[in-house]
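> generate coordinates for the sequence data below:
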Amino acid sequence: MFILPHSPFDIGARFARLLPSQPCLLCGARSYDGICCAACDAGLPRLSAPHCPICALPAPEGNVCGACLKHPPPFDHTVAAYRYAFPVDKLIQSLKFRDRLILVNYLGNALMKQVTARPDCLIALPLHPARLRERGFNQSLLLAACISRGLNIPLLGNACERVRNTPPQSSLPWKERDKNMRQAFACKPDADVRGKHVAIVDDVMTTGASIGELARALKQAGAREVSAWVVARTLPHDN
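Residues are numbered from 1 along each chain as shown. Next up is the predicted model:
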């Protein structure tokens, strides 16, 4: 995505200055920079340290970690914008549980900036219909739609479904999360994923159990490669 540089002739930047300022969502200072002011945005916990390209956990020199070498997950790559730490965790929780849908574009754009390989299509991690009725929206689908528009990548909105209404992963100990997600997802018979590179979009990856189970279903349906695209990755020392 090409972005015009900031300069005295940057018409977009000059036009933004003519619009009313708004309070930064994090510090409350008046800002023309959007959801968060430039200072708060610069201080967010980006996933910048060397990390495993498969699971995005810390790894020396960015090599594949020992865990992924010994037990490769069903997905092949992970792209994450941030560590799941303060204050990104509060932004994501505000989106999911306080209906701050204005955060979708802000978080989606942050994730897009980390993308280097283009998949054939996107799939959002599905919610079970009961959970969708309760929440009213699927934040992963909203993020995927934003990224689909921004990168011009097809979004397969109905290719997969959540067939088991499992307890929230956040309510379970880490050791029980894989078991909780077993056979929770299914690809529909008309899902057009055979031979394709599919990117799964979600807000947070903690153990990778949810994305891993959906990746397994996609590969069973014929997907050639599956990537995980998440706004934030939980790291061991951030728990």
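> burial count for residue 30?
Applying other C-beta atoms under 10 Å, we find 10 residues neighbouring residue 30. Using the backbone N, CA and C atoms, a C-beta is placed for each residue, glycine as well.
> how about it, phi and psi?
Here is the backbone geometry of residue 30 (degrees, to the nearest 10): phi -70, psi 140.
> for it, which residues make a bridge with it?
residue 23 (DSSP bridges).
> what distance do you get for it to residue 47?
29 Å (C-beta to C-beta, to the nearest Å).
> can you pull out the strands in the chain?
Using DSSP state E, the strands of the chain run over 22-23, 30-31, 77-83, 121-124, 160-162, 185-187, 197-205, 225-233.
> domain-wise, how is the protein divided?
9-43, 47-238 (automatic domain parsing).
> tell me which of these is the most buried.
Neighbour counts (mean count of other C-beta atoms under 10 Å) averaged over each of those peak at domain 47-238, with a mean of 18.
> that older thread, which of the domains of the chain has the lowest average pLDDT?
Mean pLDDT is lowest for domain 9-43 out of the domains of the chain, coming in at a mean of 73.
> could I get the phi/psi values of residue 102?
Torsion angles, degrees, to the nearest 10, at residue 102: phi -60, psi -20.
> hmm, residue 35 and it touching each other?
Yes. Contact criterion C-beta atoms under 8 Å: residue 102 and residue 35 qualify, at 6.6 Å.
> related to what we said a few turns ago, any chance of CSV for the strands of the chain, columns distance to residue 53?
Shown next, in CSV, are the strands of the chain (distance: least, C-beta to C-beta, whole Å):
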stretch, distance to residue 53
strand 22-23, 37
strand 30-31, 35
strand 77-83, 6
strand 121-124, 19
strand 160-162, 24
strand 185-187, 24
strand 197-205, 14
strand 225-233, 10
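> for residue 57, which of those is the nearest?
strand 225-233 (7.6 Å; C-beta to C-beta).
> show me what that closest one packs onto, helices and strands only.
strand 77-83, helix 88-97, helix 103-112, strand 197-205, helix 209-220 (3 or more C-beta pairs under 8 Å, 6 or more residues apart in numbering; DSSP states H and E).
> wait, which of those is closest to residue 164?
helix 209-220 (9.8 Å).
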